[in-house]
Structure formats: structure tokens, C-alpha cells
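>>> Got a predicted structure plus its sequence, pasted below:
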Amino acid sequence: MTSSAWSWPDGYASTTFTAARVGGHSATVLAVAVYAVFDAVCRDGQVVVAAPARGGRSVARDTQEPALTPVDFIRVDLTQVDPETATLADLETLLSSALPALMPGTGLAPSHIVSTLAERDHRALLAELRPTTALHIDETAGRATLFVAPGGENPDLLAVVEGAWAVAAADSTHRELPLQELLADCVTRPVPAASDEPPLFIDRFSAVCAEHPQRVAVEEAGCVTTYRELDQMANLIAAQFEERGLGVGSRIVVVPNRDRVLVAALVAAYKVGATLSVLNRAMPLAYLERCIALADADLVLDLAGAGVGGAVTSLTTQGAPAARYDRDRLGPDDPAVLTFTSGTTGLPKGVLGRYGSLTYFFDWMDRNFGPLAGARFGMCSSIGHDPLQRDIMTPLYLGGTICVPEERDLTSPTALPRWLVESDVAVICVNPAATAFITGGEEDLLTGLRRVFFVGSALTREQARRLMLAAPNAELVNLYGSTETQRAVGFFRVPTAGRLDALPAVLPVGTGMKDAELLTLTPGGRRCLPLQRGQIAVRSPYVGLGYVGDPALTKARFRDDTPEGEGGVPVYLTGDVGYLSPRHGVMYVGRDDTQVKINGHRVELMEITEACRQHPLVHDAATVVVDVDGHQTIVAYLVPMDETIRFDPARFRATLGAARPAHLLPHQIRTLPALPLTANGKLDETQLVALAQQPRSDRPEPAGPDRDVGTLLGEFVRQHTGLNELPLDVPLMDLGIDSLRFASLVSQLSTGWRNRSGSRLTHTMTATELISAAASDPDTARPPSPAVSSPTVPLPPTNSPVDPSADTHGDPSSARSRQRGIGTASKVTETTVEVGSRHLDHLCSNSYLGLGSDPGIRRRVAEFVGRADSLGPHGSSEVNGHTQEHERLATLLRRIFSAEAVTLFNSGYLANISAIPLVVGPGGMIFVDEHAHRSVFDGCMLSGSVLHIYRHNDTEDLAAKLRAHAPGPGSVIIAEAVSGSTGGITDLPGLASCARDFGCTLYVDEASSLGQIGPTGRGIEEHFGLPGCVDIRVGSLGKALASSGGFVTSSQRVAERLRSDRGAVFSTPISPIDAFVAAEAAEVLLRDGARLVGRLRRNGDRWRDALRAEGFDTGPSAAAIVPVRAGGDDEADRWFSAALDAGLLTVPLTGTWATRVSALRTTVTATHDPDALPALARRLRASVTAAESTRQNGRSDDA
């Protein structure tokens, strides 16, 4: 590999190699073929070919240098090129028919360029466009030079492309081979390792017991069990199993507590040679009973008291066993474990696993990740989840100690790290999502941790970074596997913190352990080339045996005939999509099977089909997904038992919904006399999709601009549910209109009517209620606007203060009337509110840091009032309203955020509705989080731009919408840094990646994050350690800075436009005294932020723990905003009233106040007494319990 001598833009790496023609085809064709195959780098499937102009498509370049040769640009779409069938001849045809692309500066922003320009022209083009990669071909000299920008997998492309070109050029036959076959020699294959057969579980366990009888095997609260005691207990239980006739071939299902009896029961089951299944008592009883039925269990142990009928509820664990069970009765390939996975369907599938696989990798892990022998292991996995087997069997196999936490501690960000420290745990295996609970938000907290294994979901770079800070002595290992592989058999060692930034945002899953290979396969079953995306597969003799009772699924997923030509070794097809990175091993990028995503939930269509088939009147069924106005829509086709039957969609959905969540229900129900079949007798899904997409013959023609809401609603329901007639008395949600679809409907109403009435609308309304809401409004509807493809969220209601002493008698509507006002307060601090003679504990203050009551600020404000010439503003900021106090505040905000410019507004609301329309460029699109603040959505609507709403804090969904809609220049991504409703922290690394990848402006609302997150309270960039990635920031002066007003940070160019915008020009700015208060608070934050934020964080953690200890659900909260989630709006309203009666002031998030959030919004501040918070939580629980009890008694009286 040689570097080019050309003067290229800084940071690019390059390689130059011989560019021979292949089979008579030009080097340009092979260059395009390279991008078609290596789609992990060319992710969008778009390549631009730049060549000297010929004829009318030439374009002159505007440059200070001498005139350059005119250039033709051709955009080549490779998304439909299948490397397994396409040849170089096919690509040559594609190139000849490709359409010309626009000149740079008029819409073309290519990531990948193939160029045959002269050296000088190519250099100028590269300097201007700065693509991710550029492959320059000099056919005269017979050479090619590839340049790649730093980051991602791009550096690997240098060696891969050079090798691929050499492989293709070496084909002397010049036959027209498919690209996959042409480049087959680029495939890398693992070197077989020497196999060994380590001892099986009972043999090794018995040896450990004999060698270390007094060593502690299990340690739980107040109790330790030695290996001798555990062996005796297991022998005693094994004898009880044998007395019941259990042995090899028997199946035992246990619903346990998290304790030593679970450990002993597991050991005992394997002592007698039984197959064991462990279920989680937290699952619904119906789910447990279904698993037990699928298991065809010989014995069911309900040790946790889950209420399983006919189960044995206790075991004898004390006494002298009559016999010893020291030898294995099972062979390596005998079934030993039955694990249930519900996947994404909610319905269990039983995976049968081999006995030898349970422990086969432990000695290898001890040698490679250890020492693990004798270590203290935390039992941190969920009961019923297959990693629990690792938590129990690894330490027992290696002579370690199982440390058992309290179940409630596993989800507490204070209790879990405290337990890890106090128990001196050295090794844990956890889901990456548990990182927030483990770290406790502090550095160097877990110095005793030595190994952390991640399994269960994708591990991000930032999760690893946070854990490194908390556990600086721990080695992190990202594991990969599934229930079907029995063990996580792939691994990637996470490098040290200093090398972490060189990795992608989602860390690799890596390579296989001994006798296991991670590989990627093409749809045809061939090995993928490096950097070519395909299905991830696990190839090993130690994968599972298959699905219980489902031979068809077992045959489809467990194979022995792949990769092509390498059969004989079991392979499990995971359904995951990834690619092989030469540096990092296998990289995971997503899913690609029968699963689809509906509103953030993965859904398996076959499970919906099967649920439909279980209906007694359904003879057959099929399910497909179609796109309706940008919404993934599930259409279920039903064939009735009798041709006279026609299924009512609402009733059929209600029947399915009795046992399934809403995202697993079809949106449309259609009755067919028979399902269409292909000539081969298979279901013709293509015809079903076409049938779902074709217009209904009885659908009325679209009405004109004066159509009423009823007509609009009827057309909308027909389109989204397939109903010919609109049911007037059925809630829209029961028809399949979810909240996002309903918001699309709201966006089609007239602007005036929507602004006046939108706050009253929800998808729980019936058609009659929706039409009635519009009856008195003369401006009822408008045609759908092409400028709005997705919705706004309805405006919150405006309520007047009411008498807090009014008797509501538990009526939800009366409770709502109390929500927004409690009367006139005579005193308000961060911790108390006084209204008349009532004293309320304040649990909804926005003064997070307590600076609203800071004595020093109060003293300096008094001094300012005494010396100030004027306390109020005299006019617009552009004329005479911007004083030295305003400038001082702006300077401090620039320091806090390292911003180029700051523009002040008199409210955060005005800042958003002014900035958003200005930031979005002509023709640009907006991509906004569904839970963003009301002011954000109003700003989006005022912009008039196309609006796409992505699921809350789901950057995967955001990326999918960006790919689907191809945003042009001027497009914006908008999110809240800390959700004002849930207290969750947005995925800034994911947002920044999407903004960078798709050329969008990143706009973040930091109203609730300033003062809450980041080591010194400076917000989201400081929290993630990603300075400079936010382009536009909007904030509030009325929260952490204890004043009033809002601000925007931006570039100087944007700030100049904002200051001349009507939102700034035609509104009175904040007063000098407000600016002074905010500036004083900002000074305190800069000087003392770390201490204040630390106190706030500790109080937030204490409050969350206290609420969770009382059984409340606090959702994803990771800040001082802590929602107390209720079962619905009515329940949240009752809780609000009960809390208020108990002297606790909260904010109810009900109705349309917050998108799809029914909760009490609570906040604590840095000034709250942490020791008093548990008592407040107990008062809240007592008041809620009493209110619910009164309601139930009232229902009984009514009955």
C-alpha cells in the first residue's frame, strides 16, 4: 500500500494500486461494483460518478484558479443491486442508463465519489465536496487511488478495496460471474482451534465441593452457604425429585425467589439428570401457565407464591441426605435446559438447550478473561432470563461465590452500587441498559469490580465510558448471543478509555469463543465479504437443540447446510444484521427478519397471524404491513369459517386486545373468502399488499376545501383502518387509530380551529365526540397540507385557578379542574408553598438548584434595586431594551455553553417559536421527538415545513425516518435534552450521529437540562462529553437560573438573523432586574456548579429510590424531574387530588398536557432535605392508597 503524493484535504488516508481492466469492463464499472458489495461503508447505496463532460451535461466550475474542465455528474443508485446475481455487465448497463446528477451547490452532497477526472480537477472537486470516500481512476496510467476520511470503517476500506481489485483482476476466465462469486476469495475464514472436552457441571461441582468444602458458595442478606452445605441441600432436593419419579428425560419448571434455594434446586435438577426451566414470578400468571403447558412439565415448583395451580410450593432443604449424587447423568448433547423467550411477540417460545453447552466455555473464559476462579460473582440477571444460568453456574464451576442481591435493589441507582461495594463483588454480567443503575452517577465508585460482561442488547460507547469512570479497575467485555445459542458465544474486549473514541457509537459484538464462530451470511447462504452486510449467524456444535413443539421454526433457524459448501456444523440464524469489520470482528446494525417496528415496538407478523387463527370463527388468516401516510400499518386478512360471516373490525380488535398489548393488534381487519396463492401453492403476500394499497371502490372522492370534519374523519378512518363506514360510537383508538395517527388527523384540521380546539382532542374520543367538538366552529376543516406529513401534539388547556377547598368527591373531571391552580399563594420556596392557612410540601419547583432563595443573590438584588436607574425595559432590544445587564447575562451564557452567540427572549416559549421557523431552510424538513415541549411543536407548525415525528428518544426510528424521507439542505433534528415530562436524558450521541450522517442542523431544547446534568451543570454536551455537537440550543432563564425569560445559543450569523426577527423586534425583552437575577445565578453556577449539581443529583436519586420503594413507577427518569406514573389520566387525576389533600403539591400530566404520559410530575431541588424525602414518598403512597380504597368502596356501595 502506498500513499499518494497529491495534495489532498487534511485527515484523509489513501492507497494507490494497479487498476487493471476486468473482463473487458472499464475500471469505473469495477469501482462502482466495489461500492455495491461493501455496503457497510456505502450505507445509502448512492455513488456519484464524476467524468469529463461530454455534450450538453457539462458544468463549468466557479473557482479562483484557472478554468477547470467541465464535469458530468451521474448518480448511481445501487440499492437494488444484488451482488449474488448482478454481474459487471449488469453494472455497465446500469451506468449507461443512470441519470445526470445536480452540480455541487445545487443539491448534490455525495458521500462516495468515483472520478475519472484529471488530477487537478479531481483535487478541486474533493476539496470542495469532502466526501467520505473518493476513488480516483487514471485509466491511462492503469492505476487507482482510494481516499477515505477518518472514522467508522473507512480506514479498513483501503486494504479491502485494494485486495478486492486484485482478486477481480486475477480472474483470467473473464466469465460474467456474479459479484459475490467474482470476489469470493476476499472472504476470510477462521483457523480451526483444537477442541477439548472440559468436565461437565456435576463432575466439576462435586470436585470443587470436595476441594473447598468450607468456601462460601452462596452469600445473601444475613446468610452464607458453604459448598458443603449447598451440596447437602442439593442432594436432599435431588432425593425429593427421585421420590417423585424424576430423572433423565424429566422436565422440572421452577418459579423461584432470588435466593439459595434457587441455586440448590438448579444443582439438584442436574444431579438427577432432569431438564430445568426457570420462570420469573413477575410475569403474568397466564404467561407462566402457558410456558408450563409448553414445557409439558413433570413437576412444577412455585417457590415464589405466584399462584400457579397444582404446583408444589415448598422443598425440604434441611436435614441429612440419604444419598449422594456426585456424577453426571446427562451427556454433553442431552437436553438440560428449557428457556422461554417471548422475543418481540409477548408469546413464549421454548428453546431446548444442550447440557454440555452450559459449562463448555467457562474454563476458556477463565483463561482469557480471568482469573475468574474463586471470584465473587453478582447474581444480577433477571430470573427467567438465560444469563441467570451464567450467574449461577460460572461461579459454582470455577469455585467462586454467588452474591445474591435483594430483588428491589437491582433497579435502584443508589442501592445497587452500594450493594456491589458492600458485597465486594468482582464479576457481574448485566444488560447494557443496567449501566445507569450500576454506576450510581459517581466516578471511582466501584473500584472492586474486576470484570463486567455485557449481554442482552447493544452496548454503546457512552455506556462503556460511564462504567469505566465508575469502575476504573474493571475490564469490560461485550458478549453476543441469544437464548437459542444457550450462551453468549461471541465477545469483544472493550479497550481502555483512551482508545474508546476510535470505536463506533455501538460497540462491536466481535468474534467467537472457542469452537464458536460469528459470521455474516448473504440471503443465498454464502459468507459475506468484509464490510458487506448480511445476517449474523452463530456456527458451533454448542448452539441450542431447537424450539419445543415447533419443528418448522427449528428447521428454519437451526441449520447444518450453511455456509454454502461448509455444511456439517450446526448454525443458528439470528435474524440480526451485521457485517465483518477487519479490525473489530462482527458489527451489529439491526434486524432483518419477519419483525417490523410499530411505534417503537418490534412486532413479529406471524404471531399476529396465529393469534387471528385462534379465533373460533376464523378458518385462515394472513398479515402484511403497508405504508399509510408514513405510518407502518398492519393489515390482517381473515377467512371466516362460514362465507356468510363478516368480521367487525372493532370487535375483532377488542377480542385480540383482551390478551395482547395495542402494538400487537392489526390496524386494519379485512374479510376475504380465501387467501390468494401462488402457482406453487404458497401464500401470495405480494397480492395481499397490493390489495391493501389499492383504493376502495366505495370510497368517496376527496371533498373540497369546505368539507366538514365528519367527511374528513370518514376519509381518514377509511384510509388507516379499511372501514367502509365510520362507527360513530367507538373510540378511535379501538379502531386502530393510535396517538401518532390521530395527531396526523389533527394536523389536517384548519389552523384556527386546531389552535382553539386541539387541546380537547385525544384518540380516546369517538367520532361523535370529535364532530361535536367542531360543531360550533365555522372554520372546521381544510384539505391536507402537503407541507405537513406528521402531526403536532395538541395544545395544553388553559384553566383558571379554583378554590382548593372545593369538594371533588373523587370525580376525575373535578380533579382536572384543580390541576392548574391551587389558589393564590402567600409564600413559595423550593420546598414549601403556603396558600391561605394551608402548608404544602413543594414537589414541583423548577428552581432545581435552589438559587431562587439563595441569600447571596437576594442581597445583591436588593443592592441592584437601590442603585439601578431603571428596573423595567423601555422598549425593544433592537431599540433601547438591551442594557449592560443583558449583555453581562449573554456573556455568561456564552461561557457556560462555549457558544459563539446568545440571543435573549422574554420567554422560552417565544425563543422556540421564533428560532425554529428561522433555522429551517427553504425546502428543509423537521424531525422532532414526539415528547418535545409544546413550544417546540408550535414553532414547527409556524415554520410551515414538512414535519416528521420520531418516537421518543429513539434514534433508530429517527435514522429510519431520515433514510425514508431523504432530507435536503436546511433540515433540522429537534429534541429536548432532558424531557420535561419523564426526566429522561436524550441520546445525544445518537442524535449527533444522525445529524452528521444526514447533513441536518441539531436543535436541542435545554430548558430542563441546564443545572441538572453534566458534572458542573452545563447541560447535555457536558453530560456526554461531546462539546460543540449542538448547533442551536434553546434554554430557559426561569428554571435553574431562577429568573424569567429564555435564550438561544447559535452561530453569530444565526444570532444576527434572530435579533432582527419579529419575535425579538416586536416583543418587550426581559427587564434589567430579571437579567441581573439570571446573571447572578449564572455566576453561581460557573463558580459552584459541581457542588450544587452533586447535591441535586443525590436528592434526585434519593427521591426516585423512595418512590420505587413504595411501589411507584418512575419511568426513565435520570434527573431531578421524576414522574410518578399512573395507569391512565383518571388515575393520575385521582392521585393528584389525594396528594394535594395530603399536603403534597405536584403537577398532573394528564389529558393532552403531555404526549402519552399519565403521571404526576414531581421535582426535587438541591435544597430539599434528603432525609425527609422517604417520609414524603410514604405520605404520597398512603394518600394514593386511601383514595383508591375509597373509590373501590364507593363502587361496592353503588353495586
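Received, thanks.
>>> For the stretch 1051-1199 of the chain, which segments count as strands?
For the stretch 1051-1199 of the chain, applying DSSP state E, counting those that start in this stretch gives strands covering 1121-1125, 1144-1145, 1147-1149, 1159-1163.
>>> Count the residues that sit near the closest residue to residue 734 other than its chain neighbours.
Leaving aside its sequence neighbours, residue 734 sits nearest to residue 650 (Cβ to Cβ, 6 or more residues apart in numbering; 5.3 Å). Glycine gets a C-beta too; all of them are placed from N, C-alpha and C. Using other Cβ atoms under 10 Å, residue 650 has 18 other residues around it.
>>> how close does residue 650 sit to residue 732?
10 Å (Cβ to Cβ, to the nearest Å).
>>> And residue 425, by the same measure?
Here residue 425 is placed at a distance of 51 Å from residue 732 (Cβ to Cβ).
>>> Likewise for residue 1100?
37 Å.
>>> Equivalent analysis for residue 973, please.
29 Å.
>>> Then residue 189?
As it turns out, when the distance is counted by Cβ to Cβ, residue 189 lies 56 Å from residue 732.
>>> Could you check which of the two has the larger neighbour count?
Taking other Cβ under 10 Å, residue 189 and residue 732 do not tie; residue 732 has more neighbours (28 against 10).
>>> what pLDDT does that one get?
Note on residue 732: pLDDT of 77.
>>> Make sure it is actually in contact with residue 768.
No. The criterion here is Cβ atoms under 8 Å, and residue 732 misses it with residue 768 at 10.9 Å.
>>> ok so, going back, can you redo the strands of the stretch 1051-1199 of the chain as CSV with distance to residue 950, mean neighbour count and mean pLDDT?
Listed next are these as CSV, based on distance: least, Cβ to Cβ, whole Å; neighbours: other Cβ atoms under 10 Å; pLDDT from 0 to 100:
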stretch, distance to residue 950, mean neighbour count, mean pLDDT
strand 1121-1125, 21, 25, 93
strand 1144-1145, 34, 22, 91
strand 1147-1149, 21, 25, 87
strand 1159-1163, 22, 27, 92
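>>> Of those strands, which is nearest residue 397?
Smallest distance to residue 397 across the strands of the stretch 1051-1199 of the chain (Cβ to Cβ): 41.0 Å, for strand 1121-1125.
>>> Summarise which helices and strands the closest one is packed against.
helix 1072-1109, strand 1159-1163 (3 or more Cβ pairs under 8 Å, 6 or more residues apart in numbering; DSSP states H and E).
>>> quick check: angle from the first one to strand 1159-1163?
For the pair helix 1072-1109 and strand 1159-1163, the angle between their directions (axes from the mean of the first three to the mean of the last three Cα atoms, to 10 degrees) equals 120 degrees.
>>> which of the residues in stretch 249-266 are buried?
Buried positions in stretch 249-266, judged by neighbour count with 16 or more other Cβ atoms under 10 Å: 250-256, 258-266.
>>> so which pair among those residues is furthest apart in space?
Across the buried residues of stretch 249-266 (Cβ to Cβ), the longest gap, 24.6 Å, separates 250 and 258.
>>> Any idea how many residues pack against residue 185?
Per other Cβ under 10 Å, the neighbour tally for residue 185 reads 14.
>>> That one contacts residue 166, doesn't it?
No. Applying Cβ under 8 Å as the test, residue 185 and residue 166 come out as separate, 9.2 Å apart.
>>> Setting aside sequence neighbours, what's the nearest residue to residue 888?
residue 1079 (5.0 Å).
>>> and residue 473, how far is that from residue 422?
With distances taken as Cβ to Cβ, residue 473 is found 17 Å from residue 422.
>>> now swap in residue 554 and tell me
Applying Cβ to Cβ to residue 554 and residue 422 gives a distance of 45 Å.
>>> neighbour-wise, which of these two wins?
Legend: neighbour count by other Cβ under 10 Å for residue 554 and residue 422, higher for residue 554 (18 against 10).
>>> The more buried one - that's part of a helix, no?
Yes. The assignment for residue 554 is a helix, going by DSSP: H, G, I helix; E, B strand; the rest coil.
>>> Tell me, how many residues neighbour residue 170?
When neighbours are defined as other Cβ under 10 Å, residue 170 has 10 of them.
>>> Who are the contact partners of it?
Residue 170 is in contact with residue 185, counting by Cβ atoms under 8 Å, 6 or more residues apart in numbering.
>>> Return the distance of the residue nearest in space to the middle of the chain relative to residue 1123.
In the chain, the centroid-proximal residue (Cα atoms, centre = their mean) is residue 954; its distance is 4.5 Å. Computed as Cβ to Cβ, the residue 954 to residue 1123 distance reads 18 Å.
>>> for residue 922, same thing?
39 Å.
>>> Contacts only, for residue 40.
Taking Cβ under 8 Å, 6+ apart, one finds 153, 531-533, 579, 581, 587, 589 in contact with residue 40.
>>> least confident pick among those?
residue 153 (55).
>>> deepest of the helices and strands packed on strand 1121-1125, which one?
strand 1159-1163 (a mean of 27; mean count of other Cβ atoms under 10 Å).
>>> Any chance you could list what contacts that one?
With contact meaning Cβ under 8 Å, 6+ apart, strand 1159-1163 is reached by 843-846, 848, 980-981, 1103, 1107, 1115, 1120-1126, 1132, 1135-1136, 1139, 1146-1149, 1154.
>>> That strand: partners in the sheet, and parallel or antiparallel?
Under the criterion DSSP bridges, strand 1159-1163 sits next to strand 1121-1125 (antiparallel), strand 1147-1149 (antiparallel) in its sheet.
>>> who wins for proximity to residue 904 among these?
strand 1121-1125 (24.6 Å).
>>> just the CA coordinates of that closest one, formatted as PDB?
The C-alpha trace of strand 1121-1125 is given here as PDB (Å, rounded to 0.1, in the frame of the first residue of the first chain):
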ATOM      1  CA  ILE A1121     -37.700  15.500  37.300                       C
ATOM      2  CA  VAL A1122     -39.300  12.300  38.500                       C
ATOM      3  CA  PRO A1123     -42.700  11.200  37.100                       C
ATOM      4  CA  VAL A1124     -45.000   9.000  39.300                       C
ATOM      5  CA  ARG A1125     -46.600   7.000  36.500                       C
END
